[in-house]
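Student: Provide a 3D model corresponding to the input given below.
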Amino acid sequence: MRSAVIIFSIAIGIFAGVFSTAFFKGMADQRIHKVINTELSYIQVHKEGFRQTSDFNNYIPDAESLVNEIAKIPHITGVSRRMIIQSMIASAETATGVVIGGVETNRETKVTNIKDKIIDGKYFEGISHNPIVIGKKLAEKLNVRVRSKVVITLQDMDNNITSGAFRVAGIFSTDNNMYDESHVFVRFSDLRSLSDFPKKAGHEIAINIDDNKNLPEVLDQVKKLAKGSEVLDWKELSPEMNYLTEAMDMYMYIFIIIILLALLFGIINTMLMVVMERTKEIGMLMAIGMNKFRVFSMIVLESIMLSLTGGIVGVIIGGLASKFGETHPVDLSLWAQGYEQLGYDAFVYTSVDPGMLINVTLLVILTGIIAALYPAYKALKNDPADALRIE
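Tutor: You can find the predicted model right below:
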C-alpha cells in the first residue's frame, strides 16, 4: 500500500508537470505564431534609422525593384512593400492616433493573415474609393461599422498637413486588443496619392518564408541584396518574443524540478520507513555475508523502481493528455478579455516537446537515486548483532 501511494503521488506530480509545461509552451508558441503571421512577418527591411524615428521621408527609394529581387530567393513564400505612417484617424464622434499601413493587397495576403481575421465586411472589397480595414477594438472606440466614413490626417512629402476620407471595408480581430486598436490598413496606391509618396519607394518590405528553420539562410541572402538597409528577423524586431521562447524553456524545467524536489522528500520518507521496518531483515542479510555494497544497491534499486514506475506512468498520461490538447484546445474564454489585452488566445492548444519528455524521465531516475542515498546510508549504519535482537 505504501509503495502504491508513492507511485501514485509520483505519477500525479509528473503528469501535472508535463501537462502544465505543454500548456504554457503551447500558449507561447501561439503568441509567437501570431506575432510572425499577423503582426510582423519573418523578416523586415527598412531604411537605416526608420524604426527609431518613423520619419516619413526616410524611405527605401528602389523598394519595388528590391521586392522583385527578394521574391526570387528560395524558401520565400511572399514579399510585400508597405508605407508606414504614424498619424491620426477620426470618426464623427472621436479621434485617436494609429499606425497606418499602406499595403499592396495582392502581395500582403502572402505575408500576413489579416485577411483571414476579418469578422465583418471584406478585405478591401465592397468599397470602390479609398477602402480601409480597421481592428475591432478601434471600431468600437471610434463607434464605426462597415461602410462608415473615417478621416485620416497626415503629413505629406512636403510636410504639409493633408486629410483624406476613407470608408470602412472590413473589420478584423486578431485577439490582441492593443494591436487591433492601434493599426489600420489602406491600399498603397490610395495612401501614396494622398501623401505624394514616390511611386517605386517604400518604408518597409515584409518577407514571409516556408519554415523558420530556413530563416538564417534566407536572412543572409536578403542582406546581400539590401545592402545599406536594415534587415532584421522577427527575433530582432520583437526581442520580447525571443525572450519568451528562451524563458519558457527555462521556466518549464524549473517547474519540473520543483515538482521533483517535492517528490524527493516523499520518496526519502518512504524509504526511511522501509529501512526502519526491515532493520531485522537487513541485519540478517548482513550477518550471513551480504556485503554493504549489495545492501546499498538493493535499497537504491527499490527507490529507482518506485520512482521510475510512477514517473513513466506520469509521463505517459501527461504526454497523452498533452497530445489530446493539440487538437482539443483548453477553453479560457471565461478570462478572454484579460488574455486578449496581453495578446494571447482564449483557446490554448498544448505543444508536446518529445525531448522534454525524455529529459523528465531521466530527471525522475536521478531523483530516485538521490532519494535512496540517505536511507541506504542509515541501513549500512545498522549493527547486525543489534538488528537481530529486535523482535
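Student: use CA for all of it now, contacts and neighbours both
Tutor: Noted.
Student: Which helix runs longest in the chain?
Tutor: When the chain is parsed with DSSP state H, its longest helix is helix 239-277.
Student: Please compute how far stretch 220-237 lies from its chain's middle.
Tutor: Relative to the centre of its chain, stretch 220-237 is centred 23 Å away, using C-alpha atoms, centre = their mean, to the nearest Å.
Student: how long is that stretch from one end to the other?
Tutor: 16 Å (C-alpha to C-alpha, to the nearest Å).
Student: Let the chain start at 45 from now.
Tutor: Yep, numbering from 45; the last one is stretch 264-281 now.
Student: Mind checking the pLDDT average for it?
Tutor: For stretch 264-281, mean pLDDT rounds to 88.
Student: Which SSE is immediately downstream of the longest strand belonging to the chain?
Tutor: With secondary structure taken from DSSP state E, the chain has its longest strand at strand 120-134. Beyond strand 120-134 on the C-terminal side, the first helix or strand identified by DSSP states H and E is strand 139-147.
Student: Provide the strand pairings for that following strand, with the direction of each partner.
Tutor: Strand pairing for strand 139-147, using DSSP bridges, gives strand 120-134 (antiparallel), strand 227-231 (parallel).
Student: Let me have the ones you listed in TSV, extended by distance to Val142 and mean neighbour count.
Tutor: Output for those, formatted as TSV (distance: least, C-alpha to C-alpha, whole Å; neighbours: other C-alpha atoms under 10 Å):
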stretch	distance to Val142	mean neighbour count
strand 120-134	6	21
strand 227-231	6	21
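Student: Could you export those as a markdown table, including distance to Ala415 and mean pLDDT?
Tutor: Listed next are the strands paired with strand 139-147 as a markdown table, based on distance: least, C-alpha to C-alpha, whole Å; pLDDT from 0 to 100:
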| stretch | distance to Ala415 | mean pLDDT |
| --- | --- | --- |
| strand 120-134 | 53 | 91 |
| strand 227-231 | 56 | 93 |
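Student: Which stretch among the ones you listed approaches Ala213 most closely?
Tutor: Proximity to Ala213 (C-alpha to C-alpha) singles out strand 227-231 among the strands paired with strand 139-147, at 9.7 Å.
Student: Quick one: residues in contact with the very next helix or strand once past that closest one.
Tutor: Per DSSP H and E, the first helix or strand lying C-terminal to strand 227-231 is helix 232-239. The contact list for helix 232-239, computed with C-alpha atoms under 8 Å, 6 or more residues apart in numbering, reads 126-127, 145-149, 174, 198-201, 206-208, 241-243.
Student: Which members of these come out as buried by neighbour count?
Tutor: Using 16 or more other C-alpha atoms under 10 Å as the burial test, those include 126-127, 145-149, 174, 198-200, 207-208, 241 as buried.
Student: where's Thr153 relative to Tyr295, distance?
Tutor: Per C-alpha to C-alpha, Thr153 is found 36 Å from Tyr295.
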